[in-house]
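Participant: quick one, fold the following:
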Amino acid sequence: MVDGDPAAAAGVSGDAGRGPAGGRAAAPVRLAEALLIAAVSPVVPGIAHLRAGRVRLGGALLGAQAAALTAAALAAGRYRELFLEVSARPSWLLALAASCVALAALWALLIAHSYAVLAPQGLAPLWRLAGGTTVSVLCLLVIVPPLSLAQYGYVQRHLIRTIFADGPVAPAAVQVAVRRGAARDAAGRPAAPRLNVLLIGSEPGEPQAPERVGGVTLASVDARSGATTMLSLPDGLRRVPVWSGTEPVPFPPGRPLADVYREGAAHPEVLAGGGGPVRDPGAELLKRTVAHMLGLDVPYYVKVDARGVRELAGTTSRAAPAKKGCPFWANLRETGPLAVLKRYQRLARVLINSVNTDVPRRLLPALAGLAAKIENAEITSLRPAAGGPSAARADHPALRALAAREPGGPVPAARPASGLPILIESCN
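Facilitator: Got it, this is the predicted structure:
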């Protein structure tokens, strides 16, 4: 006992359980105690070592656990911000996945070592087999949560690296006419900072024309409140002023807005700068054209395959019907997080196969905070009313007046100041 033997430090009962004097009858009880303590060791690390008399190692493990819990408590106040920040940075996601794998290994090692320092001596072969099997099962169970989190992190990293452009791959500058009114709201006050994104719906076509545009919507987001207005442009809008980025592009006045995409895809050289580097010349030409037509800065586009939207809606929500004119993500905001996690791999696969955008990866952390505001903000859909002016004669100035309104601001339902009858629907 003088040399600090762990068994001696455990006390008389420990000697009785381990030595021949205690008999074999007490061995199953000591085995059950060792397995129970090993099972809780990931939650209370060091308890087995303290029980075995290894005070320094047990204290160090408990101290490390206390430090980790303190850090988690400090981060809990802004866990949502941290979650969005981590989920938008591929390097952080890789570090998260590696940390989770390391944590899984440490937990399994801790269970095995905790059992080893407490396992009674002189066990019968059957009891030794039972103890080893139980410890193996405990190790397998404890590594499932961190490895699952590591898998989510890896899938999210692959999603970001696949969909979003690498580095500062910014599209060519969109030249829009300078309009003093565009920088102010209807009351003449300075307008709120806003982000405009062009949402393009695509439908599969024939082999000769693999894609066709099925809808064009301008999403305007108030950067301060997250309030969002979705302005759906008429499908058959004619007399489109196609814009290369620096000059007009010849385009027959009888062709609809949707054909601008095909024009850019077939002739990328019409883009200012020769069409490079852009990921989708058709979407780029359509984005520049809408920006020029509405007199707004539209820096980014998001093109979504309609089949992917339908599959995505079926993957995450099978109950609430989608509202016409509202984006799919607005219809899915009430989907529970557990439902999303259960189908996350399928969800990621659908997004990778269905979404194309020129939003640079480096902007994702900043956009993640804006996305959190949008989740709880008002989303309003504006679309031309049936029976209104024909799409072929739709008034461009009327659309421009609607687009210039502050996101989330009131729009008269009957006949707005723009003179264009529209339907207004809340997506909340």
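Participant: let me see the contact set for Leu363.
Facilitator: If you count contacts by C-beta atoms under 8 Å, 6 or more residues apart in numbering, Leu363 has none. All C-beta atoms are positioned from the backbone trio N, CA, C, and that covers glycine.
Participant: angles on the backbone of Trp107, please.
Facilitator: phi -60, psi -40 (degrees, to the nearest 10).
Participant: got it, and Arg343?
Facilitator: phi -120, psi 20.
Participant: what about the longest helix in this structure?
Facilitator: Using DSSP state H to define each element, the chain has its longest helix at helix 125-163.
Participant: buried sites along that helix?
Facilitator: 127, 131, 134-135, 138-139, 142-143, 146-147, 149-150, 152-157, 159-160, 163 (16 or more other C-beta atoms under 10 Å).
Participant: what is the mean pLDDT for stretch 75-92?
Facilitator: For stretch 75-92, mean pLDDT is 78.
Participant: endpoint to endpoint, it covers what distance?
Facilitator: 16 Å (C-alpha to C-alpha, to the nearest Å).
Participant: for that stretch, buried residues please.
Facilitator: So, applying 16+ other C-beta under 10 Å, buried residues of stretch 75-92: 84, 86-90, 92.
Participant: repeat for stretch 108-128
Facilitator: For stretch 108-128, a neighbour-count test (16+ other C-beta under 10 Å) marks 108, 110-112, 114-115, 117-120, 123, 127 as buried.
Participant: of all the residues you listed, which comes closest to Ala67?
Facilitator: For the buried residues of stretch 108-128, the minimum distance to Ala67 (C-beta to C-beta) is 16.0 Å, reached by Leu110.
Participant: not counting sequence-adjacent ones, nearest residue to the closest one?
Facilitator: Ser41 (5.2 Å; C-beta to C-beta, 6 or more residues apart in numbering).
Participant: check Asp166 too.
Facilitator: Computed as C-beta to C-beta, 6+ apart, the closest residue to Asp166 that is not its neighbour in sequence is Arg361, at 5.9 Å.
Participant: try Ala112
Facilitator: Nearest residue to Ala112, sequence neighbours excluded (C-beta to C-beta, 6+ apart): Val135, at 6.0 Å.
Participant: check the gap between that neighbour and Ser99 for me.
Facilitator: Distance of Val135 to Ser99, given as C-beta to C-beta, to the nearest Å: 24 Å.
Participant: ok, Lys303 next?
Facilitator: From Lys303 to Ser99 the distance is 35 Å (C-beta to C-beta).
Participant: compare these two (neighbour count), which wins?
Facilitator: More crowded of Lys303 and Ser99, by other C-beta atoms under 10 Å: Lys303, with 23 against 14.
Participant: buried residues, the helix or strand where that one lies. List them.
Facilitator: For Lys303, the element it lies in under DSSP states H and E is strand 300-305. For strand 300-305, the buried set under the neighbour-count rule, 16+ other C-beta under 10 Å, comprises 300-305.
Participant: what's that strand in contact with?
Facilitator: Contact with strand 300-305 is made by 171, 197-204, 280, 283-284, 286-287, 328, 353-359, as judged by C-beta under 8 Å, 6+ apart.
Participant: and that strand with helix 125-163, angle?
Facilitator: Inter-element angle recorded for strand 300-305 and helix 125-163: 120 degrees (by axes from the mean of the first three to the mean of the last three C-alpha atoms, to 10 degrees).
Participant: neighbouring strands - and their directions - for strand 300-305?
Facilitator: Note on strand 300-305: by DSSP bridges, its sheet partners are strand 194-204 (parallel), strand 355-357 (antiparallel).
Participant: mind checking the pLDDT average for that strand?
Facilitator: Averaging pLDDT along strand 300-305 gives 89.
Participant: list the helices and strands the longest helix of the chain packs on?
Facilitator: helix 27-40, helix 90-118, helix 344-354, strand 355-357 (3 or more C-beta pairs under 8 Å, 6 or more residues apart in numbering; DSSP states H and E).
Participant: can you list the low-confidence ranges for the chain?
Facilitator: Where the chain drops to pLDDT under 70, the residues are 1-25, 76-77, 79-80, 167-192, 204-211, 274-276, 312-340, 384-395, 408-428.
Participant: spatially central residue in it, please.
Facilitator: The residue lying closest to the centre of the chain (C-alpha atoms, centre = their mean) is Ser87, at 6.3 Å.
Participant: and that one, what does it touch?
Facilitator: So Ser87 contacts 93, 156, 368 (C-beta under 8 Å, 6+ apart).
Participant: which stretches in this protein count as strands?
Facilitator: Here the chain has its strands, by DSSP state E, at 194-204, 211-222, 228-233, 300-305, 355-357, 379-384, 422-426.
Participant: closest one to Ala266 among the ones you listed?
Facilitator: Among those, strand 211-222 sits nearest to Ala266 (C-beta to C-beta), with 11.3 Å.
Participant: before I go, just wanted to say thanks for your time.
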